[in-house]
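Visitor: One predicted model, sequence on top.
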Amino acid sequence: MLVPLYESVYDRLEVGPATSVLGLGCRSGLALLLASGRGAQVAGLEPEAELRELARGRSLQVGAGPRSAAAVPRSAHSLVTVFEQLPGSSDPRRVVAEAARLTLPGGHVVLAAWGPPERCESASVLDVARRMAGRTTARDPFELSTPGALEDLLTGAALRPAGSGRVSCPFAYPDLDSAVRGLLSTGLYEAAAEFSGLPLVAKELEEALHPYLRPDGTVRMENLFRYLIAERPR
């Protein structure tokens, strides 16, 4: 669903054979595959074992965390991307500081987050995660969508703003069942599933998705994502 975001960033930064890319929270590695297809050297860090193995199955070098030296041979990179780790992160500032540490002087860090909720049709669907988490602290995936929120994360991280952009990223699924399974796989519903039970969360998700069900049975939600480019000074 985020391919337009990845491609927009890679186009803007002219990612190619001279680029060394590290994906923080790289999930199953799709963004890294796209960068590799442009000739870039790529590696990733992904804390979730199942997603990490999927990425490795794509012949990508992916470690579990910053100390995974054996899996990620380079200690610093010309581009570090944080495409999916910030929304819902318990400590976004720590993530950004880690990204800065892994970036070469003169290199770039890219942070991404949801756009304003009023510009994202998935907002009401994502609200299921909050409503069904009970008293569990489920973080708001839109907390970094307010003006200046991403820029504020650079404070104290030895990074300076170097540009930003907005990208349309429609979430489209072939049917309702695929939409439910796809959204549950994002990890944003884990606290809700633990508190309310997975079957009930899936049922609520299905009801929330009905406004976006098309006559042909497909599901489509229009969304806007924002990215911030930061530079590590030489």
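Guide: Nice, I can see it.

Visitor: where do the helices sit along this protein?
Guide: 3-12, 30-37, 49-57, 92-101, 123-131, 149-152, 176-184, 190-196, 198-209 (DSSP state H).

Visitor: residues of the longest one that come out buried?
Guide: So the one you mean is helix 198-209. 201-202, 204-205, 208-209 (16 or more other C-beta atoms under 10 Å). Backbone N, C-alpha and C define where each C-beta goes, glycine included.

Visitor: Let's see the distance spanning stretch 21-35 from one end to the other.
Guide: Stretch 21-35 has its terminal residues 8 Å apart, counting by C-alpha to C-alpha, to the nearest Å.

Visitor: any idea of the mean pLDDT for it?
Guide: In this model, stretch 21-35 has an average pLDDT of 95.

Visitor: low-scoring stretches of the chain, by residue?
Guide: 66-73, 88, 135-138 (pLDDT under 70).

Visitor: picking that back up, so which of the helices of the chain is nearest L111?
Guide: Minimum separation from L111 across these (C-beta to C-beta) falls at helix 149-152, 5.2 Å.

Visitor: For that closest one, which helices and strands make contact with it?
Guide: strand 103-114, strand 224-231 (3 or more C-beta pairs under 8 Å, 6 or more residues apart in numbering; DSSP states H and E).

Visitor: and L224, how many neighbours?
Guide: By the criterion of other C-beta atoms under 10 Å, L224 has 18 neighbours.

Visitor: and it, what is it in contact with?
Guide: 114-116, 119-120, 166-169 (C-beta atoms under 8 Å, 6 or more residues apart in numbering).

Visitor: Filter these down to the buried ones, PyMOL style.
Guide: Under the burial definition 16+ other C-beta under 10 Å, those of the contacts of L224 that qualify are selected in PyMOL by:
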select buried, resi 114+115+119+120+167+169
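
Visitor: which of the buried residues of helix 198-209 lies closest to G23?
Guide: Among the buried residues of helix 198-209, L205 lies closest to G23 (C-beta to C-beta), at 27.2 Å.

Visitor: In contact with that closest one, which residues are there?
Guide: Counting by C-beta under 8 Å, 6+ apart, L205 touches 125, 128, 179-180, 183-184, 189.

Visitor: Please tell me how far H77 sits from S178.
Guide: According to C-beta to C-beta, to the nearest Å, H77 and S178 sit 34 Å apart.
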